[in-house]
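[1] How does the following fold in three dimensions:
(chains A and B)
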Amino acid sequence: MAKKGLVVKAKELKTDVAVVKDLQVSIGKLVDDTWEEPMGPTPMPSMTDLRDWDFELLRRYKPFYLPFCDVCCLCTFGKCDLSGDKRGACGLNMAAQQSRIVLLACCIGAATHTAHARHLVHHLIEKHGGDFPLDQGGLNIDVEAPVTRLVCGIKVETLRDMEEALDWAEEQVTHCLSACHTGQEGSNLDFESKAFHAGMADQVGMEIADLAQISVYGFPKADPEAPLVELGFGATDVKKPTILVIGHNVPSSVGIIDYLTKKKMLGQVEVTGICCTAHDLTRYEPSAKVVGPISWQLKYIRSGMADLIMVDEQCIRADTLEEAQKVKTPVIASSPKNCLGLKNRTNDSVDELVNDLVEGKVHGVLILDSDKAGEVAVEAVLKVAPKRNKFSIIPDIEEIKAAGAACSGCNECVRACPNNQPIPEAMKAAAEGDLAPFSEILDNCIGCARCDSACPKDFPLHSFMTKAGEQKLWEEKYLMRSGRGAIQDIEIRNVGGPIVLGEIPGVIAIVGCANYPEGQGAIAEITEEFAKRRYIVVLSGCAAMSVAMVKDENGQTLYEKYPGGFEAGGVLNVGSCVSNPHIAGAAIKIASIFAKRNLRGNYEEIADYIHNRVGAVGLAWGAMSQKAASIASGFWRLGVPVVVGPHGSKYRRMLLGRADKKEDWYVYDARTGDKVYTGPTPEHLFTTAETKEEVIVMMAKLCFRPNDTTKGRSMKLTHYIDLHKRYYGVMPEDIHLFIRNKMDIPITMKPEIQKILEEKGWEETKIPDPTLLKRMVRKRG
Amino acid sequence: MSAKAESWQTAEIAGPTKANVIVKPEIAAAMIKRAKRPIIVVGYLSTKTDKDTGKMIEYAIRMNKACGIPVVATAHTIKEFVKQGFNDAIQMNAMDIGNRLKDPTWNGLDGKGPYDLALFMGLPFYMEFVILAGLKHFSTNLKTISLDRYFNPHASWSFPNLKVEEWNQSFETIINKLGGN
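    Next comes the predicted model:
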């Protein structure tokens, strides 16, 4: 293990040959390398160390660029029209510009997570010391921090050890971002490679953040039985003084819980959360409540139920302060990244701060000390709550009726709505006192309130929807399994073989934001479709909340119906955004624990292993953020395909395979060195699905891997064909591409499939020991 | 119909190169007739029958019957085609068909050569918007037409924002001009 910052000083050193005065020797780090695993070829890789691997992936999965507009407006040379084959004043063409935008998004995402990790690690070292031991799951986890091992080649055992990994990640993100400058990178494929690099750094940053908070805050440690926590508007006891926390970085929320605990007041104040801070809050204190995903912000604030709002960082509405003012709710900002224009009052006394907030002298304060922020929040909310009396700006029905009657039907609202919801028609119905159409719109609403902004008459349309759906909202009361953290080594031992051989048909990772095209119900439907087919379904972030927000006829959510273990048919919530590396980590640990491959600094080999053998697919159905882009990018470099919902098409680039180009789908057989056709497995690295039905069929297909045994492939084909018939009503056109020999054919479908194979002129192919890397071929000479 | 048009989604503007407005449906019919290798891509909204989606799937089938234009059904749209007794549609992912249409060396669904005109309808507005942008910038000999009810500026040609009756009438005219009924 590397130890940093050793300094040796000697006032006077006498030897046989000399006398040395004021000697000072400073050593950057000492390597105490007792780790037996040999170092691989690329520890702490530079921006170009894995470029060949990236190009190998990009050779197969070529970018399809989807520009938002024809121009580039990033420098004062421009605007430059890049349409067709034109180039900008800097010489860049449209393909390079689009890939540059992708890289920018990935850099923003990676910087956000890495800065989040850096803040946490600094904060925790300051409070608990750098020697605080890391513990992800006690004896159940031997391969801790698999991403960091793989990428950086180091083991992290204490908080201080994490700084080395963060140093590397920050440096790489800075390099990648610098490549976006005018007159730097000129090739679209090199921009893509750098986007992959930023995504890989992002995975390290996230892993460090989650490992730090799991270890220090005592979150569930790789626990399949993590507690069930309450979620939904209706789960919050708003009779109590209520604090709402929003964001992703949990220390200030921990400050609230710690202060309540210290004062023996836990239970007297309702602590509720939105977005990933809510996940981490309940991992810390299971009696806290989750209101819902990111898109629940406005409706909860406007409903007036929060007596105090504390924000930290990421995915928080920029107008939180203004919205809070409307309902007389004070705001505490607690992150340097999101100061909201508020005065920094960190050094003021608690009494002063509480008094100013309670008396309404200020609408909010910035407190950059998480303990103090927590104390002020609790003391203030106790006094603010009785004064506010849950003041709400949700209008009454008469007001909505009057607005409906005054609406001119200009369509500006629907033209601003990302989901094209029929708001003008709802206004017409409202004029007649019928709010049902508005209630239906709320189901499909992502809570952006662009309709409000667009309305020339300034009608608060989002509030109209909230009123219309009020009853449904307050009936929302669900149970979600709290974020469990990592996957145990024993779980990997149990399922590694069946996954690699294809007998567990796949790992479906559903992650990301709540920018859903038609409501959040699709997430639960997709999850259950795969869980009941005994895929492993892993969830995180807002998607993990959405899954909880559907009950079956017995009143149970999927977290209650399915086990929380990494096993066939499991439905696992790993936690918040920064918990995503546990999903990548599971794939990496399969290579390590099941296949005994070395991880340490051995990225390319492990990515090649995962790409060819581990049938894992990511889905970000409601992807919205740059963080979602960098998370996806971290998976792309590992060779794991990712699908986004229709709004994800706006990421402006897909990575698509061409099933019709046979030459793209050859691998080396590591046993012989022969090149073997494997079919398009997996067919795409990044694509968009238009509907939930398409996602289900597509994800089943994207689980195919060249390494599948005949038994495994047969099972995967059974699911693919069955789902295709069910959702598309027809047999797939492409099954001949996935059948390597007759043993692959599902027995129950044999006659039907054999007929198709004859029509298609199908020929048997070998099942290789697959690799894209020539150096992995074992035969010599 | 107006010769000027604005993108249906207010912020989704294209830049210097915007779609020509189909002021008369006869223009679209003439372009389809003139094309050597046209194709139509039909998204899932065509399976709905609310005021925004009309009877798109029926129009697609009638266009196929009128001029033999091949039909790609994206997502689960294929199920509705089959339900309506139309078995000639090919199911493909919208990005996949977009990516192939971009490629001048792709020989099409029938292996007979690249397409020169691609018609789109029934995809979510913003998704069609970016696919049309991809084709605008990266295809070489392909023209695109958006047949949706709303102006989609990245197409080569697009209907303006239409009333439902105007839109339905436009389809009727196109199908009639193609010799269908």
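
[2] any idea how chain A splits into domains?
    With automatic domain parsing as the criterion, the domains of chain A are listed as A:2-217, A:233-388, A:397-459.

[3] Specify the stretch among those that is closest to chain B.
    Closest to chain B of these is domain A:2-217 (Cβ to the nearest Cβ; 3.0 Å). For the C-beta atoms, the positions are set from N, CA and C on the backbone; glycine is no exception.

[4] Format the domains of chain A as TSV; extra columns: distance to chain B.
    Putting the domains of chain A into TSV (distance: least, Cβ to the nearest Cβ, whole Å) gives the following:
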stretch	distance to chain B
domain A:2-217	3
domain A:233-388	17
domain A:397-459	5
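
[5] Deepest-packed of those, please.
    For the domains of chain A, the largest average neighbour count (mean count of other Cβ atoms under 10 Å in any protein chain shown) is found in domain A:233-388, namely a mean of 22.

[6] and the end-to-end length of that one?
    19 Å (Cα to Cα, to the nearest Å).

[7] Name the spans of the chain whose pLDDT lies under the cut-off.
    Chain wasn't specified; assuming chain A. Where chain A drops to pLDDT under 70, the residues are A:1-8, A:25-33, A:780-781.

[8] my bad, chain B
    By pLDDT under 70, the low-scoring segments of chain B are B:1-4, B:51-54.

[9] Tell me which residue is most central in it.
    In chain B, the C-alpha nearest the mean C-alpha coordinate belongs to B:Phe120, at 2.0 Å (Cα atoms, centre = their mean).

[10] Does that residue belong to a helix, a strand or coil?
    Secondary structure assignment for B:Phe120 (DSSP: H, G, I helix; E, B strand; the rest coil): strand.

[11] Could you find the closest non-adjacent residue to it?
    Excluding the flanking residues, the one nearest B:Phe120 by Cβ to Cβ, 6 or more residues apart in numbering or on different chains is B:Val41, at 5.0 Å.

[12] picking up where we left off before, can you tell which of the domains of chain A is closest to A:Gln520?
    A:Gln520 sits nearest to domain A:233-388 of all the domains of chain A, at 7.3 Å, using Cβ to Cβ.

[13] just how off-centre is the closest one within its chain?
    Centroid displacement of domain A:233-388 relative to its chain, using Cα atoms, centre = their mean, to the nearest Å, is 24 Å.

[14] out of the domains of chain A, nearest to B:Gly15?
    B:Gly15 sits nearest to domain A:2-217 of all the domains of chain A, at 3.0 Å, using Cβ to Cβ.

[15] mind checking which helix or strand A:His119 is in?
    When secondary structure is defined by DSSP states H and E, A:His119 falls within helix A:94-128.

[16] any idea how far that helix is from the chain center?
    Mean-position distance between helix A:94-128 and its chain equals 13 Å (Cα atoms, centre = their mean).

[17] Show me what it is packed against.
    Packed against helix A:94-128 by the contact rule (3 or more Cβ pairs under 8 Å, 6 or more residues apart in numbering or on different chains; DSSP states H and E) you find strand A:62-65, helix A:162-178, helix A:188-217, helix A:626-637, strand A:653-656, helix B:125-138.
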